[in-house]
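Chemist: Quick one: sequence plus predicted model below, questions after.
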Amino acid sequence: MTVTTSIFGHTKQGETVTAYRVENRTGMQLTVLDYGATIQSLRVPDRRGELTDVVLGYDTVAEYEENGGDLGATIGRVGNRIGGAEFSLNGKTYPLAKNDGENHLHGGIKGFDKQMWNVEVREDALVCSRLSPDGEEGYPGNLWVRVTFTLHEANALSIQYEARAEKDTLVNLTNHSYFNLNGGGSVLDHELQVFASRITENDAGCLPTGRLLEVEQTPFDFRIPKQIGAEIDADDAQLRCGGGYDHNYVLSGRRAAVLRSGRSGIEMIVETDQPGMQVYTANGLTQRPGKQGSTMGPRDAVCLETQLFPNGIHRYGFPSPVLRAGESMYSETVFSFGLC
């Protein structure tokens, strides 16, 4: 296992952004930026033995700063949506930024995705950490956060999330990588399997209503593998909410999903200890330049964001995002790569 570092660029504030690349013995390569604890590149062997970069991203810091979408970033304090952009905790109401219509999305205007992280280089891992100060983006209390990216020799990427709270607060950490196992182009020909029989129902703004819907006999049924594009344009009220898939699946167990490409021959297995996973088909990704002269746009990737359920602070019966003072949280998601 080898680790190399290079200067990726500079932020508008003049901060130096460093790229950390980890490579295992089979040649698989992971590149993480200390800006946003962002997965900038993930190159895995395809059926021809050549490396394919399976995540979308950018070549410059400016693009990460200026463009939306959170490509590859660590998301926090709270991933996904909080209805009404506020929450009450211990009798106090905390207003948050309305950056998704009337809702709060992915930690706010300057969430974890747009912060500089400290990085510790280990033999096979990169440990990203930061202190989220009391009041950052409206959230109470200091929060110590650590995200560990470990590249295994068996071509698996483990992401471990840890946080410790000084005051009662909310935490729901995830990674927002946009996966395309062909390296680019439409993702609709990818085959997806999701180990879940229910989704959380969305309202017109993609905010969970609190109801759980069965996927059986709906376009959301991926229990048996099928192409992502098979029913994405079906006449379905839930699909119309997000212009495609943008829904939280209620997972049945540790194995969350399997994604395959018949073209590249790459298979990705997602395993997690989290109860939910947002399947998002990049419906809102506007046409834009990508890495190394490529272009990307709507439905050119699929995000598989392991998480607590969105809007959990407002929905009775949903897993709670509350982390109490003095307590710590831990979760892990593993992306394993092979050939299909």
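Modeler: Cool, got the structure.
Chemist: going forward, measure contacts and count neighbours with C-alpha atoms only.
Modeler: OK.
Chemist: quick one, phi/psi of the residue nearest to residue 318 when sequence neighbours are not counted?
Modeler: Among residues not flanking residue 318 along the chain, residue 312 sits closest, at 5.3 Å (C-alpha to C-alpha, 6 or more residues apart in numbering). When read as degrees, to the nearest 10, the backbone of residue 312 gives phi -60, psi -30.
Chemist: wait, what's in contact with the residue nearest in space to the middle of the chain?
Modeler: Nearest residue to the geometric centre of the chain (C-alpha atoms, centre = their mean): residue 176, 2.3 Å. Residue 176 is in contact with 70, 71, 72, 73, 74, 75, 303, 304, 305, counting by C-alpha atoms under 8 Å, 6 or more residues apart in numbering.
Chemist: Just those: which are in strands?
Modeler: Among the contacts of residue 176, the ones falling in strands (DSSP state E) are 74, 75, 303, 304, 305.
Chemist: Report the mean per-residue pLDDT for the longest strand anywhere in the chain.
Modeler: The longest strand of the chain (DSSP E) is strand 328-339. Average pLDDT, strand 328-339: 98.
Chemist: Quickly note the distance from the residue lying farthest from the centre of the chain to residue 318.
Modeler: Distance to the chain centre peaks in the chain at residue 91, reaching 31.1 Å (criterion: C-alpha atoms, centre = their mean). Look at residue 91 and residue 318: by C-alpha to C-alpha, to the nearest Å, they are 20 Å apart.
Chemist: Confirm that residue 113 sits in a strand.
Modeler: No: using DSSP: H, G, I helix; E, B strand; the rest coil, the assignment for residue 113 is helix, not a strand.
Chemist: so residue 292 sits in a strand?
Modeler: No: counting by three-state DSSP, residue 292 falls outside a strand, being helix.
Chemist: what number of residues lie near it?
Modeler: The number of residues packed near residue 292 is 9, by other C-alpha atoms under 10 Å.
Chemist: for residue 49, same thing?
Modeler: 10.
Chemist: Tell me the pLDDT of it.
Modeler: 94.
Chemist: and it, backbone torsions?
Modeler: phi 90, psi 0.
Chemist: correct me, but residue 336 touches residue 159?
Modeler: No: between residue 336 and residue 159 there is no contact under C-alpha atoms under 8 Å: 11.3 Å.
Chemist: These two: which is more packed in?
Modeler: Neighbour count, other C-alpha under 10 Å: between residue 336 and residue 159, residue 159 has more, with 21 against 18.
Chemist: for stretch 248-257, which positions count as buried?
Modeler: With burial defined by 16 or more other C-alpha atoms under 10 Å, the residues of stretch 248-257 counted as buried are 248, 249, 250, 251, 255, 256, 257.
Chemist: Just the residues contacting it, thanks.
Modeler: With C-alpha under 8 Å, 6+ apart, stretch 248-257 has contacts from 192-200, 269-279, 309-310.
Chemist: Would you map the strands across the stretch 1-150 of the chain?
Modeler: 2-10, 16-23, 29-33, 38-45, 51-53, 74-75, 81-82, 86-89, 92-95, 104-105, 118-121, 125-132, 143-151 (DSSP state E, counting those that start in this stretch).
Chemist: Highest mean neighbour count out of those?
Modeler: Among the strands of the stretch 1-150 of the chain, ranked by average contacts under mean count of other C-alpha atoms under 10 Å, first place goes to strand 74-75 (a mean of 26).
Chemist: Residue 110 - how many residues pack around it?
Modeler: 15.
Chemist: what do you get for the one 4 residues further on?
Modeler: Residue 114 is flanked by 22 other residues according to other C-alpha under 10 Å.
Chemist: So that it lines up with my notes, have the first residue be 46 from now on.
Modeler: Got it, first residue is 46 now, which makes that one residue 159.
Chemist: Just the closest of the ones in strands among the contacts of residue 221 to residue 162, please.
Modeler: Lowest distance from residue 162 to those (C-alpha to C-alpha) belongs to residue 119, with 10.3 Å.
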